[in-house]
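Student: Quick one, fold the following:
(one chain, ligands or ions: 4)
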Amino acid sequence: MKQCALTLLVAGLATPAFAQIAMDGFRDEAYGAAKSVQDTGTGFGDANMGVIDYANGSELDGAYATVVDGVLHLFLAGNLESNFNKLEVFVDCAAGGQNRLRGDNPDVDFSGLNRMGDDGTGNGLLFDAGFEADFWFSMTCGGGPFAFYANHAFLLTDGLGSGGYLGTGGAGATGSASFPDSGIAVAIDNSNFAGVTDLDVTDAANVATGMEIAIPLAFMGHDGTSAVRVCAFINGGGHDWLSNQSVGPMAGMGNLGDPRFVDLNFVTGDQFFVAVEGSGGGTPCPADLDGDGVVAGGDLALLLGGWGGADGDVDGDGAVGGGDLAIMLGAWGDCPA
Ligand SMILES: [Ca+2]
Ligand SMILES: [Ca+2]
Ligand SMILES: [Ca+2]
Ligand SMILES: [Ca+2]
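Tutor: Ligands and ions are numbered 1, 2, ... in the order given. Prediction:
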């Protein structure tokens with residue numbers, strides 16, 4: 001009996017409970033507390049059918065994230081409408097990247113990525129200050145039999161990165177798919193019929209089904225120390241109509257429309273969430289609002305431009321004011337390496 005108990009104990013140690021993540025579109029306990037919870041009723045239809053392989057609306061009820069063995073696991077609770085609406089996931093996990101989405105990124109998903117970017121006239125989706133996306137993942141779903149399709153691209157500071165189609169899968173655990181070249185794995189369970197409605201957001205934190213995505217951090221170019229931040233939102237079928245379902249959420253906004261004309265600095269709060277804190281705890285250089293590695297005039301301009309609001313909040317009290325200015329002036333110069 002003792003031998004048996006010891007064997008069980010050792011087996012338990014070898015596969016600790018916190019590392020258990022099943023790719024099935026169901027939110028595992030291992031994800032822990034929400035990184036972001038929806039605060040805005042969906043402008044893209046309240047899914048109410050409750051079947052795993054079909055949704056008649058799109059919503060993002062919350063975001064969950066954890067890292068297991070160097071793989072970023074994202075759980076985006078909610079639904080992706082089975083009409084080929086798009087889930088867009090932008091990751092900022094290294095220096096450089098794109099704060100304004102360029103128009104010369106790789107031709108992925110029928111140029112759907114570039115549909116959100118600069119059309120040559122200086123527009124392009126503008127993320128919140130300091131968020132410089134390095135990687136893009138997108139998925140869509142629909143058809144009969146039901147299928148999802150996934151794409152990815154690298155967003156280089158000067159554009160012209162690589163990317164392409166990852167592959168396809170179906171619903172639930174049996175439909176989950178992993179793509180060997182990238183190590184990316186995807187699952188979806190569309191059975192949520194609760195969560196937010198078009199008006200009521202009180203149930204958002206309770207949703208435990210949705211889109212489950214695993215991406216190796218090294219594949220995305222993570223440097224091992226930077227915070228990993230994620231901006232995820234639901235978009236129209238042509239990557240052409242940015243909904244009001246994003247995490248971080250939009251504080252009651254309606255759908256934003258054509259993504260290349262959207263400036264997320266004008267939407268209250270951060271339309272991204274911190275999936276993984278940078279090593280050393282927290283953002284190493286919070287006053288570096290534009291993320292260029294130096295606290296300088298550009299950051300001061302952003303801070304003064306956001307005075308009184310939530311964008312540019314350095315000390316985390318929810319509003320830009322004298323405390324933030326004091327931190328910025330105290331941190332003036334190069335960020336700590
Ligand atoms: Ca799961
Ligand atoms: Ca970046
Ligand atoms: Ca709902
Ligand atoms: Ca914002």
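
Student: Which strands border the strand or helix carrying Phe75, and is each parallel or antiparallel?
Tutor: Using DSSP states H and E, Phe75 sits within strand 71-79. Using DSSP bridges, strand 71-79 pairs in its sheet with strand 59-68 (antiparallel), strand 210-216 (antiparallel).

Student: between those strands, which gets nearest to Gly291?
Tutor: strand 59-68 (19.8 Å; Cβ to Cβ). No exception for glycine: its C-beta is placed from N, CA and C like everyone else's.

Student: The closest one vs ligand 1: in contact?
Tutor: No. Against ligand 1, strand 59-68 shows no contacts by Cβ under 5 Å from the ion, the least distance being 9.9 Å.

Student: how much space between Phe193 and Val247?
Tutor: From Phe193 over to Val247 the distance is 20 Å, taken as Cβ to Cβ, to the nearest Å.

Student: More neighbours: those two, which one.
Tutor: When neighbours are counted by other Cβ atoms under 10 Å, Phe193 and Val247 differ, and Val247 comes out ahead with 29 against 17.

Student: Can you report phi and psi for the more buried one?
Tutor: Torsion angles at Val247 (phi, psi; degrees, to the nearest 10) stand at phi -130, psi 120.

Student: cool, the one 10 residues further on as well?
Tutor: Per-residue torsions, Gly257: phi 90, psi -150 (degrees, to the nearest 10).

Student: Isn't it up against Leu242?
Tutor: Yes. Counting by Cβ atoms under 8 Å, Leu242 is a contact partner of Gly257 at 6.3 Å.

Student: higher neighbour count, those two?
Tutor: The neighbour count for Gly257 versus Leu242, taken as other Cβ under 10 Å, is higher for Leu242 (26 against 13).

Student: Which residue or residues pair with that one through a beta bridge?
Tutor: Beta-bridge partners recorded for Leu242 (DSSP bridges): Asn235, Gly257.

Student: Next, the contact list for it, please.
Tutor: If a contact means Cβ atoms under 8 Å, 6 or more residues apart in numbering, then Leu242 has Leu125, Phe233, Asn235, Gly236, Asn255, Leu256, Gly257, Asp258, Pro259, Val262 as its contacts.

Student: Model confidence score at the residue nearest to the last one when sequence neighbours are not counted, please.
Tutor: If the residues on either side of it in the chain are set aside, Val262 comes closest to Leu256, at 4.8 Å by Cβ to Cβ, 6 or more residues apart in numbering. Listed pLDDT for Leu256 reads 98.

Student: Need the residues that contact stretch 246-257.
Tutor: With Cβ under 8 Å, 6+ apart as the test, stretch 246-257 has contacts from 35-40, 43-44, 60, 62-63, 76, 230-234, 241-244, 262, 267-273.

Student: follow-up on the earlier one: quick check: phi and psi on the residue nearest to Val262?
Tutor: Main-chain torsions, Leu256, degrees, to the nearest 10: phi -90, psi -20.

Student: quick one on the thing from earlier: of the contacts of stretch 246-257, which belong to strands?
Tutor: Members of the contacts of stretch 246-257 lying in strands (criterion: DSSP state E): 36-37, 60, 62-63, 76, 230-234, 242-244, 273.

Student: Just give me the closest of those residues to ligand 3.
Tutor: Closest to ligand 3 out of those is Leu60 (10.3 Å), distances taken as Cβ to the ion.

Student: Identify the residues contacting that closest one.
Tutor: If you count contacts by Cβ under 8 Å, 6+ apart, Leu60 has them with Gln38, Leu76, Ala77, Gly78, Gly210, Ala232, Phe233, Ile234, Gln245, Ser246, Val247.

Student: Now Ala301. Its backbone dihedrals?
Tutor: Backbone torsions for Ala301, taken as degrees, to the nearest 10, come to phi -60, psi -40.

Student: Run a quick neighbour tally on it.
Tutor: Ala301 has 14 neighbours, counted by other Cβ under 10 Å.

Student: Ok, Asp158 next?
Tutor: Using other Cβ under 10 Å: Asp158 sits among 9 other residues.

Student: next one: Ala218
Tutor: Residues near Ala218, counting by other Cβ under 10 Å: 12.

Student: go on, Leu101?
Tutor: 25.

Student: sorry, back to before: which one of the strands paired with strand 71-79 lies nearest to ligand 3?
Tutor: Minimum separation from ligand 3 across the strands paired with strand 71-79 (Cβ to the ion) falls at strand 59-68, 5.1 Å.
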